[in-house]
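Chemist: Provided below are the primary sequence and the corresponding predicted coordinates.
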Amino acid sequence: MTVKKLDCSDLDQYMGKPIAPARMKEPLHNNDFRRWVQAMHYPNLLHYDHDFAAEGRYGRLVAPQSFAVSADDGHGAGPACVGCIPDSHLIFGGDEWWFYGPRIFGGDDITNEKTPLDYVVKETSFAGPTCFQRGDNNYYNQNGDHIARQRSTSIRYRRDLAVEMGALDASDDPRWTDKELEELEARKYEFIKVMHELGHGKRYWDDIQVGSELPVRVFGPHSIASFATEWRAYLFTIWGGTHRPGMDMEAMGFTEEFAGHENDPVMERDNPELTDGAYFGPSRGHLFPDWARRIGMPRAYGYGASMGAWILDYLAGWAGEWGQVVHCESSYRSPAFSGDATFMTGSIIDKRVDEDGRKIVQVDCRMANQLGKVMATAKAEIELPGK
């Protein structure tokens with residue numbers, strides 16, 4: 001019988017100590033934003049259509065609020081996965097975001113300053129003793145403007161225990177009929193129409209009623225192809241695109257077959273194929289079902305950072321270009337698995353004017369698959385214009 005212990009003793013030495021910041025090698029380009037919203041299933045014209053954006057609030061294309069995490073070198077999880085936990089693997093557990101007002105535009109240089117925060121070990125049905133580790137990411141532009149803070153939570157667990165406990169048994173993708181797929185496409189378009197109908201207009205705080213519902217947002221079915229598209233939208237996955245600080249995956253506790261050379265600046269110059277986490281290394285389980293099952297997942301699965309982007313995009317798309325998400329705390333309960341569809345719902349649970357005079361609505365958000373299984377929950381504060 002496997003002894004169910006998790007050795008987190010190495011983590012203490014890193015808490016509260018800043019680690020190497022993440023920096024892109026070149027300024028951001030509008031096509032980075034276009035690639036991002038396309039991969040995140042977010043057809044908001046403000047972020048990809050030049051003519052529409054030129055007529056709007058900013059007079060040019062602007063990145064969605066969710067884009068900040070793409071300017072990191074590891075999904076925002078870097079400060080939440082320092083230290084060695086032997087024979088471990090990692091999935092995302094959640095994100096908390098604070099946005100301070102400045103937006104990201106083409107030509108900006110973004111720096112992410114990162115600091116490990118804390119961790120706690122809890123017993124879970126998934127893998128027995130499990131480490132929930134947190135770290136802060138602070139995103140700044142070239143002028144020193146503080147764009148956002150992301151407090152990321154990683155879930156670190158023993159890979160062998162997750163497989164042994166079998167909480168998520170191997171399974172095949174669900175099948176959808178042609179009629180069901182047509183219905184999904186129709187439902188997807190309903191949320192797109194909400195954004196089109198608002199256009200450059202304002203969603204006024206004065207008109208919002210507590211208890212009212214946000215429109216449902218639908219996307220999927222997810223697939224290995226859609227997960228690969230998401231992966232390619234993260235700028236750090238591009239060869240040579242990032243000043244890489246280097247990460248020793250084996251020293252962090254990943255087993256040999258999952259460690260690989262992801263984010264290895266030396267190997268990137270020698271054989272960059274080996275540095276791509278989609279093919280080798282800790283991220284390979286997302287795209288290869290066999291490797292997913294070796295870490296306790298039933299089949300190919302999506303990225304936790306993408307789930308966080310889906311939530312921010314959902315809220316920001318509803319708020320419109322004159323509103324903004326100012327705070328959002330999300331908890332990820334289950335990944336998006338290949339073959340599943342995602343349904344997002346939200347409701348207004350509070351409405352107030354805060355101490356800074358901002359008109360705020362609080363939204364309760366829920367993400368579930370086609371069977372009603374909850375994938376994520378979130379609570380957010382959105383600033384809206386007043387009349």
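Modeler: Now that the structure is in, tell me what you want to look at. Nothing here was measured: the structure is a model prediction, and the numbers come from that model. Residues are numbered from 1 along each chain as shown.
Chemist: any weak-confidence spans in this protein?
Modeler: Applying pLDDT under 70 to the chain flags the ranges 1-3, 166-168, 170, 250-251, 253.
Chemist: who's in contact with the residue nearest the centre of it?
Modeler: Centroid-nearest residue in the chain: Ala305, 1.7 Å away (criterion: Cα atoms, centre = their mean). Ala305 sits next to Val69, His75, Gly76, Ala77, Phe92, Asp95, Tyr234 when contact means Cβ atoms under 8 Å, 6 or more residues apart in numbering. No exception for glycine: its C-beta is placed from N, CA and C like everyone else's.
Chemist: Show me which pair in the residues you listed is furthest apart.
Modeler: Asp95 and Tyr234 (14.6 Å; Cβ to Cβ).
Chemist: coming back round to it: pipe the contacts of Ala305 into a markdown table and attach secondary structure, neighbour count and distance to Phe105 per row.
Modeler: Listed next are the contacts of Ala305 as a markdown table, based on DSSP: H, G, I helix; E, B strand; the rest coil; neighbours: other Cβ atoms under 10 Å; distance: Cβ to Cβ, whole Å:
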| residue | secondary structure | neighbour count | distance to Phe105 |
| --- | --- | --- | --- |
| Val69 | helix | 27 | 17 |
| His75 | coil | 26 | 22 |
| Gly76 | coil | 29 | 20 |
| Ala77 | coil | 25 | 26 |
| Phe92 | strand | 25 | 27 |
| Asp95 | strand | 30 | 23 |
| Tyr234 | coil | 24 | 19 |
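Chemist: ok, so of these, who is nearest Ile155?
Modeler: Of all these, Ile155 sits closest to Phe92, with 7.0 Å by Cβ to Cβ.
Chemist: check contacts around the closest residue to the closest one other than its chain neighbours.
Modeler: Among residues not flanking Phe92 along the chain, Gly304 sits closest, at 2.2 Å (Cβ to Cβ, 6 or more residues apart in numbering). Neighbour list for Gly304: His75, Ala77, Ile91, Phe92, Gly93, Gly94, Asp95, Tyr332, Pro335 [criterion: Cβ under 8 Å, 6+ apart].
Chemist: go on, Pro385?
Modeler: Taking Cβ under 8 Å, 6+ apart, we find Pro385 in contact with Lys202, Arg203, Tyr204, Trp205, Trp322, Gly323, Lys359.
Chemist: Pro129 is in contact with Val121, correct?
Modeler: Yes - taking Cβ atoms under 8 Å as the definition, Val121 is a contact partner of Pro129 at 5.5 Å.
Chemist: shared neighbours, the two?
Modeler: With Cβ under 8 Å, 6+ apart, Val121 and Pro129 have common neighbours Leu6.
Chemist: Determine the next helix or strand in the C-terminal direction from the host helix or strand of Lys179.
Modeler: Counting by DSSP states H and E, the element that carries Lys179 is helix 178-198. Remark: after helix 178-198, the chain's next helix or strand is strand 217-219, criterion DSSP H and E.
Chemist: From the contact counts, what lies against that next one?
Modeler: The contact analysis (3 or more Cβ pairs under 8 Å, 6 or more residues apart in numbering; DSSP states H and E) places strand 217-219 against helix 178-198, helix 304-319, strand 342-353.
Chemist: hmm, back to that, which residues touch the helix holding Lys179?
Modeler: Applying Cβ under 8 Å, 6+ apart, the external contacts of helix 178-198 come out as 43-45, 176, 215-221, 314, 317-318, 320, 341.
Chemist: quick one: it to strand 342-353, angle?
Modeler: 30 degrees (axes from the mean of the first three to the mean of the last three Cα atoms, to 10 degrees).
Chemist: Next, the buried residues of helix 178-198.
Modeler: Neighbour-count burial for helix 178-198 flags Leu184, Arg187, Lys188, Phe191, Ile192, Val194, Met195, Leu198 (criterion: 16 or more other Cβ atoms under 10 Å).
Chemist: From Asp160, how far off is the third one?
Modeler: Just to be clear, that refers to Lys188. Distance from Lys188 to Asp160, counting by Cβ to Cβ, to the nearest Å: 40 Å.
Chemist: And Ser70, by the same measure?
Modeler: The gap separating Ser70 from Asp160 is 33 Å, by Cβ to Cβ.
Chemist: Show me which of those two is the more surrounded one.
Modeler: Ser70 (27 against 17; other Cβ atoms under 10 Å).
Chemist: Thought Thr237 was touching the more buried one, still the case?
Modeler: No - Ser70 is not in contact with Thr237 according to Cβ under 8 Å; the separation is 9.7 Å.
Chemist: Could I get the full set of helices for this structure?
Modeler: Secondary structure of the chain by DSSP state H: the helices cover 30-39, 50-54, 159-165, 178-198, 224-233, 256-259, 265-270, 289-293, 304-319.
Chemist: want to try CSV for those helices, with distance to Ala380 as columns?
Modeler: Listed next are these as CSV, based on distance: least, Cβ to Cβ, whole Å:
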stretch, distance to Ala380
helix 30-39, 19
helix 50-54, 24
helix 159-165, 31
helix 178-198, 17
helix 224-233, 22
helix 256-259, 34
helix 265-270, 37
helix 289-293, 30
helix 304-319, 5
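Chemist: quick one, which of the ones you listed is packed in tightest?
Modeler: helix 304-319 (a mean of 25; mean count of other Cβ atoms under 10 Å).
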